[in-house]
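A.B. asks: Next input, structure requested:
(chains A and B)
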Amino acid sequence: MSYELTIEPLGQTIEIEDGQTILDAALRAGIYLPHACCHGLCATCKVQVIDGEIEHGEASSFALMDGERDEQKCLACCATAQSDLVIEAEIDEDPDAENLPVRDFAGVVSRIETLTPTIKGVWIKLDDPAGMRFQAGQYVNLVLPKGIGSRAFSVASPPSASGEIELNIRIVPGGPGTTYVHETLQLGERLGISGPYGRFFVKKSADLPVIFMAGGSGLSSPRSMILDLLAEGFDKQITLVYGQRHLGELYYHEEFLSLAELHPNFTYVPALSHEPEDSGWSGFRGFVHDAAKAHFDNDFRGNKAYLCGPPLMIEACIATLMQGRLFERDIYTEKFISAADAQQVRSPLFRAL
Amino acid sequence: MDMKVAKKKLALKEKYRLLTRDLGWEPTYQNKDEIYPYTKYEGIRIHDWDKWEDPFRLTMDSYWKYQAEKERKFYAIIDAHAQNNGHLHITDARYLSALKIFLQAISPGEYAAGKGFARMGREFPGVGTQVACQMQAIDEIRHAQTQIHALSNYNKFYNGFHAFADARDRMWYCTVPRSFFDDAVSAGPFEFMIAIGFSFEYVLTNLLFVPFMSGAAYNGDMATVTFGFSAQSDEARHMTLGLECIKFMLEQDPANLPIVQGWIDKWFWRGFRVLGLVSTMMDYMLPKRVMSWREAWNIYGIENGTALFRDLARYGIRAPAGWDDAEKAIDHMSHQFMLGLYQWSFGTALHSWIPSDDDMAWLAKKYPDTFDKYYRPRWEHIKKLKAAGTQFANYGLAKLCQTCQLPIVFTEPDDPTRSAQREGEYKGEKYHFCSDGCQHIFENEPEKYIQAWLPMPQLFQDPIGGDLAAWMDWVGLRNGKDNGDFDGSEDQKNFDAWRAMATSNQ
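C.D. replies: Predicted coordinates for the structure are as follows:
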């Protein structure tokens, strides 16, 4: 049993399971609500219920007053849904969020490319001629057959090509979903996708130079975002720092080289961490965060940074950016919060990083 | 499909901005440096005060409304506690020693924090900071009041509660938290925020409040549980203020990093020493124990602290310098403190006791590597002395650490068989320390710590002149009532007698 939870002032609607707290549902959907103690004592997560029925759970009578209960306030860390809900929370409105509705699409596999030994490009042509409206950087859920279920993948193509969605999928050893895509999926096969999801997109309204830091299979969102920015004539500096272990894994390398030649405001900084010494690679050798540090001379002030890649890379990049004077308000990462991540003990020092 | 949406409501942040706009005007006939004279001398460089985000958007009118309701609820429960003889519902009278420690050592600290935040509300530029500090100042005074009122019910029946205000200034173990708060309040505004807002409210508060409040719940003390809940509902604001301040300093200028790191090192160690008494409360004083100090440290110290310092590492901050020494002390400190309290129990306004066989079995289980090896033999020896009618008491004066003011009762971090003692010289005078951590703090600011008032030298000065009875009068200690072994004390006898009356027809 699940209900719909609409969060104002974002206007975004997400699912909330029976017995799941409002806070948990919001965090898992990538919506940050202020919170601290997580067991009903500190009142940091107090929100206003505008419509619907909730159960207060373990909220302390000192943290949530009688008068506030009468006014339909609740503590998001304890409250559970008894019906569809509309709440208003203390979240900053994001002028760049288009809040596009999530829809289900059917389509057919129109192209499959081997991008690297472990990553395949899969193109899905949607039946709906209007295609899927999405913001560059967002992701979709790909519904796989044989009871595998759905898997989340960022869209690698730009929003202008909305009729044919490109996904870059790395094989996860032992993972049934990605194994299916790599070993069984055929041209012409029909698949369902739903989307767009996520709040990872370029803050165009800030009108600041942008840095993309990508590694592993995290190139999809940055690629879509860069193609989108260049197509619409974004005139600030765009820098892509992109890392793999060796040249054979550096997919779309040629494309970025030619984009850099074509657009004077686009700089491409590739980095290889395990390229053989004698390979003739003349670019940066080392990790993405070190390449960025060297390229920007350890001063990232005045930029917006977008990070995509494996957790260790993200963590190293955040520390590098912060020690180069760029802080949380200017750093964005794509977060897929798994159940394991949600349980990891984190301090409340940062809101979303 | 695009849906038509009704006109969006103002976000809370926007509402707050409109409600509070123009409170922070630019002065025209006074220079800002003169209005806020203390924001620069600590060396912290601030370029843009507007980057300080209002940590908690609460207006004064709703603040009063919330706090008034909290007070009504709190006093209703305290009244019920008094009318139902709630003091007879606790597990047994040994639990009272935990309450006495809290009242003598912690509640005056709440009051001191209130004074400190009142000052910071005046000294920090920026409306958000001023309002947050003012509210916290009122919160802290409220906490001190509710604690004193809750515990005054116990003062009607038991010893050791009546003189906490004098004890705060004069009693040898109470000067430990007092010196902590005085050190913070007499520092600059940014250091104060690290000391209280960050180190105490965030890093260490769970180690203080959770054990005390769960201890109260486990031992049937509803009054204390209630003031705990009431205080904790203010914690969100306090924690956010401390965290916001540390981020603000670190983000404003790279030159702030080493200063902030120095304060984190200092205030972690200062806080760790003050909280040492909590370890004894948890391991020895609760008749019904919640968890061991070691277990509490694993959860609230290691797990939460590691998460915090992992996040702070992004700014280039490392874990506090004393972190490893703290970890090495965890399995020893509660035993060393309790042995200290017991040997000086003639001079404490609370009772201590020799742990029973059951207690020792529990301690051995919780401290498999240390208790049986180092501490059981000493308790067994003390037990033998008592049985022979020659109870051990240490009438010598304890050597105090010049920084934390605790008696030097701890052992070397890497050798639990050797007493840890440090000494240093400054301007021809010799000073003693309990640890490397405390010595470093002194050496960083010797001119501050040589002014410290230490309770032991006071014993030889007016009005005491070295006379123990005169000292007891001076600290408000009634010999034979407030002090000494729990076994045979008035508290023990009265509680047992009154409880028997309440639960039987005798």
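A.B. asks: List the residues that contact the closest residue to residue B:152 other than its chain neighbours.
C.D. replies: Leaving aside its chain neighbours, residue B:152 sits nearest to residue B:161 (7.5 Å; criterion: C-beta to C-beta, 6 or more residues apart in numbering or on different chains). Bear in mind the C-beta positions are built from the backbone N, C-alpha and C, glycine included. Shown in contact with residue B:161 (C-beta atoms under 8 Å, 6 or more residues apart in numbering or on different chains): B:99-100, B:103, B:151-152, B:154-155.
A.B. asks: among the residues you listed, who's most crowded?
C.D. replies: When neighbours are counted by other C-beta atoms under 10 Å in any protein chain shown, residue B:99 leads these with 29 neighbours.
A.B. asks: want to throw the contacts of residue B:161 into JSON lines with pLDDT and secondary structure?
C.D. replies: As requested, these are arranged in JSON lines below (pLDDT from 0 to 100; DSSP: H, G, I helix; E, B strand; the rest coil):
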{"residue": "B:99", "pLDDT": "94", "secondary structure": "helix"}
{"residue": "B:100", "pLDDT": "95", "secondary structure": "helix"}
{"residue": "B:103", "pLDDT": "94", "secondary structure": "helix"}
{"residue": "B:151", "pLDDT": "94", "secondary structure": "helix"}
{"residue": "B:152", "pLDDT": "94", "secondary structure": "helix"}
{"residue": "B:154", "pLDDT": "96", "secondary structure": "helix"}
{"residue": "B:155", "pLDDT": "96", "secondary structure": "helix"}
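A.B. asks: now the strands for the stretch 201-350 of chain A?
C.D. replies: For the stretch 201-350 of chain A, applying DSSP state E, counting those that start in this stretch gives strands covering A:210-215, A:238-244, A:266-272, A:284-285, A:304-308, A:331-333.
A.B. asks: got it, and the stretch 1-150 of chain A?
C.D. replies: A:2-8, A:12-17, A:46-51, A:54-55, A:73-75, A:80-81, A:85-88, A:103-116, A:119-126, A:139-144, A:149-154.
A.B. asks: if you skip the residues just before and after it, what's nearest to whatever residue of the stretch 301-450 of chain B ends up closest to chain A?
C.D. replies: When scored by C-beta to the nearest C-beta, the stretch 301-450 of chain B has residue B:308 as its residue closest to chain A, at 3.9 Å. Excluding the flanking residues, the one nearest residue B:308 by C-beta to C-beta, 6+ apart is residue A:347, at 3.9 Å.
A.B. asks: Show me what from the stretch 1-150 of chain A comes close to chain B.
C.D. replies: A:8-9, A:11, A:36-37, A:41-44, A:60-63, A:65-67, A:88, A:90-93, A:101 (C-beta under 8 Å from any C-beta of the partner chain).
A.B. asks: Might you specify the subset of those located within helices?
C.D. replies: Here DSSP state H is the test, and these give A:66-67 as lying in helices.
A.B. asks: Put the buried members of the residues of the stretch 1-150 of chain A next to chain B into a ChimeraX selection.
C.D. replies: Buried residues among those (16 or more other C-beta atoms under 10 Å in any protein chain shown), as a ChimeraX selection:
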select /A:8,9,36,37,41,42,43,44,60,61,62,63,65,88,90,91
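A.B. asks: Can you report how many residues neighbour the one residue in the stretch 201-350 of chain A that gets nearest to chain B?
C.D. replies: Residue nearest to chain B within the stretch 201-350 of chain A (C-beta to the nearest C-beta): residue A:347, separated by 3.9 Å. Neighbour count of residue A:347, defined by other C-beta under 10 Å: 17.
A.B. asks: for residue A:163, same thing?
C.D. replies: 17.
A.B. asks: Tell me the one among the contacts of residue B:161 nearest to residue B:39.
C.D. replies: residue B:103 (35.6 Å; C-beta to C-beta).
A.B. asks: so the closest one makes contact with residue B:147?
C.D. replies: Yes - the criterion here is C-beta atoms under 8 Å, and residue B:103 meets it with residue B:147 at 6.8 Å.
A.B. asks: How is residue B:25 assigned, secondary-structure-wise?
C.D. replies: Assigned with DSSP: H, G, I helix; E, B strand; the rest coil, residue B:25 falls in the coil class.
A.B. asks: how near is residue B:167 to chain A?
C.D. replies: Look at residue B:167 and chain A: by C-beta to the nearest C-beta, to the nearest Å, they are 29 Å apart.
A.B. asks: Can you pull the residues of the stretch 101-250 of chain B lying near chain A?
C.D. replies: By the rule C-beta under 8 Å from any C-beta, the part of the stretch 101-250 of chain B lying against chain A is B:229-230, B:232-233, B:235-236, B:239-240, B:243, B:246-247.
A.B. asks: At which residues are the strands of the stretch 301-450 of chain B located?
C.D. replies: With DSSP E, counting those that start in this stretch as the criterion, the stretch 301-450 of chain B has strands spanning B:411-412, B:415-419, B:422-426, B:429-433.
A.B. asks: Using a markdown table, lay out those together with mean neighbour count.
C.D. replies: Below are the strands of the stretch 301-450 of chain B laid out as a markdown table (neighbours: other C-beta atoms under 10 Å in any protein chain shown):
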| stretch | mean neighbour count |
| --- | --- |
| strand B:411-412 | 16 |
| strand B:415-419 | 12 |
| strand B:422-426 | 14 |
| strand B:429-433 | 16 |
